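[1] Here is the input, now give the coordinates:
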Amino acid sequence: MPEPMLSVNEKASRLVEKLRDKAEECGVTLKKTSLGATLVDAGITAKGSFQAGKVITEICLGGCGEVKIFPAQYDDLALLSVFVQTNHPAVATLGSQFAGWQIKVEGYSAIGSGPARALALKPRELYEKIEYEDGADSAVLVLETSKEPPDGVIKLVSRECGVKPSRLFLILVPTTSVAGSTQVSGRVVETGLHRLTKLGLDPRFVTHAWGYAPIAPPHPKFAEAMGRTNDAITYMGVAYYSVTGYKSDEELRMLAENAPSSASKSYGRPFLQIFKEAGYDFYKVDSNLFAPAVLIVNNAETGGIFRFGRVNVDVFKRSIGMQA
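    Sure thing, here's the model as predicted:
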């Protein structure tokens with residue numbers, strides 16, 4: 001059955017108000033552009049915070065998920081971690097959180113994620129698969145970027161989303177920031193569901209999902225920060241999915257078995273090393289690597305439960321350059 005037509009942009013807009021009301025506490029700044037759009041800086045010149053990263057993760061999920069930050073121990077490594085749970089997995093993750101909009105305007109480029117994608121239908125085939133689109137008159141887009149967007153970006157996003165610039169909210173969060181690292185780790189459930197979908201699972205059959213991953217310590221260099229944040233999910237992330245529509249366990253078991261990051265031929269090395277060897281070209285990196293370390297799948301029809309993959313603390317320590 002398709003998801004009820006809740007509006008991820010309307011729900012996310014209320015979370016933007018939460019950031020505005022707690023701007024000082026969250027370490028963010030807000031300003032209006034000459035076109036009337038609202039920019040929320042969560043780490044470019046603003047200090048940002050774990051709390052900002054938590055709210056931005058909730059925004060990315062279109063207000064359809066709960067996010068908590070908690071301390072966790074991974075062998076002898078203690079790190080703050082982010083926990084995500086949603087009762088609307090397909091819409092919250094694939095229909096909103098997925099980083100599926102490449103913005104390129106006037107020499108400016110950024111990856112766009114969050115609920116505005118459901119207005120622009122980026123990418124359209126994904127929305128056809130989950131049978132969802134939004135009809136809100138406001139749009140919220142999260143940009144992984146270290147620069148403020150020019151007016152051309154605001155015009156493009158407003159046009160593609162069918163909203164007035166004054167009803168557009170752009171959340172700017174660098175990968176090198178605390179908030180950026182938090183919201184990337186908060187994609188652990190989305191990453192796993194996207195991987196399962198590529199393997200043939202109908203995401204509409206996933207009724208509930210949760211997951212957690214450590215928040216990678218930030219690094220001031222983008223490539224290093226990107227490597228750390230990817231590895232937080234690839235080698236440390238755990239995700240759980242409750243699935244309907246399978247009367248027997250075998251097909252679901254075979255599908256889930258190939259879903260963890262360990263199914264990749266590139267598994268076992270820090271992402272930055274793999275990325276360098278690929279000539280810094282994402283399209284040359286084995287896509288099977290972009291998945292959580294551990295996937296747990298519950299067949300809600302039979303009660304069967306499967307767990308595949310493993311947490312790999314040693315590789316993650318190498319990724320963050322932790323000394324013995």
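[2] For the rest of this, base every contact and every neighbour count on C-alpha atoms.
    Noted.
[3] Report pLDDT for residue 323.
    Note for residue 323: predicted pLDDT of 67.
[4] need the helices for the stretch 101-250 of the chain, in chain order.
    117-120, 124-130, 151-161, 178-185, 188-198, 222-234, 250-257 (DSSP state H, counting those that start in this stretch).
[5] Flag the shaky bits of the chain, pLDDT-wise.
    1-5, 323-324 (pLDDT under 70).
[6] give me every residue that touches the spatially most central residue of it.
    Nearest to the geometric centre of the chain sits residue 187, at 3.2 Å (C-alpha atoms, centre = their mean). Residue 187 is in contact with 57, 93, 97, 98, counting by C-alpha atoms under 8 Å, 6 or more residues apart in numbering.
[7] What about those, which are in strands?
    Of the contacts of residue 187, none are assigned to strands by DSSP state E.
[8] Of these, just say which sits nearest to residue 252.
    residue 93 (20.3 Å; C-alpha to C-alpha).
[9] Could you check how far that closest one is from residue 208?
    11 Å (C-alpha to C-alpha, to the nearest Å).
[10] more neighbours, these two?
    residue 93 (30 against 17; other C-alpha atoms under 10 Å).
[11] didn't residue 75 look like it was pressed against residue 311?
    No. The criterion here is C-alpha atoms under 8 Å, and residue 75 misses it with residue 311 at 10.2 Å.
[12] Give me the more crowded residue out of those two.
    It is residue 311, of residue 75 and residue 311, that has more neighbours when counted by other C-alpha under 10 Å, with 19 against 9.
[13] so is the more buried one in a helix, a strand, or just coil?
    coil (DSSP: H, G, I helix; E, B strand; the rest coil).
[14] Show me where the stretch 201-324 of the chain has its strands.
    206-214, 238-243, 294-299, 305-309 (DSSP state E, counting those that start in this stretch).
[15] Now tabulate the ones you listed in CSV and tack on distance to residue 194.
    Formatted as CSV, these follow (distance: least, C-alpha to C-alpha, whole Å):
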stretch, distance to residue 194
strand 206-214, 12
strand 238-243, 12
strand 294-299, 12
strand 305-309, 16
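[16] Out of these, flag the one nearest residue 167.
    It's strand 206-214; of the strands of the stretch 201-324 of the chain, that one is closest to residue 167 (C-alpha to C-alpha) at 31.0 Å.
[17] What is the closest one packed up against?
    Packing partners of strand 206-214 (3 or more C-alpha pairs under 8 Å, 6 or more residues apart in numbering; DSSP states H and E): strand 77-86, helix 89, helix 178-185, helix 188-198, helix 222-234, strand 238-243.
[18] mind listing what that strand pairs with, with the direction of each?
    The strands that strand 206-214 pairs with in its sheet are strand 77-86 (antiparallel), strand 238-243 (antiparallel) (by DSSP bridges).
[19] Next, the angle from it to helix 188-198.
    130 degrees (axes from the mean of the first three to the mean of the last three C-alpha atoms, to 10 degrees).
[20] what angle sits between strand 206-214 and strand 294-299?
    Using the same axes, to 10 degrees: strand 206-214 against strand 294-299 is 160 degrees.
[21] Would you mind getting the angle between strand 206-214 and helix 178-185?
    Using the same axes, to 10 degrees: strand 206-214 against helix 178-185 is 140 degrees.
[22] So what's the residue count around residue 166?
    17.
[23] show me what contacts it?
    Per C-alpha under 8 Å, 6+ apart, neighbours of residue 166: 35, 36, 37, 38.
[24] can you redo the residues you listed as CSV with neighbour count?
    Formatted as CSV, those follow (neighbours: other C-alpha atoms under 10 Å):
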residue, neighbour count
35, 13
36, 15
37, 20
38, 21
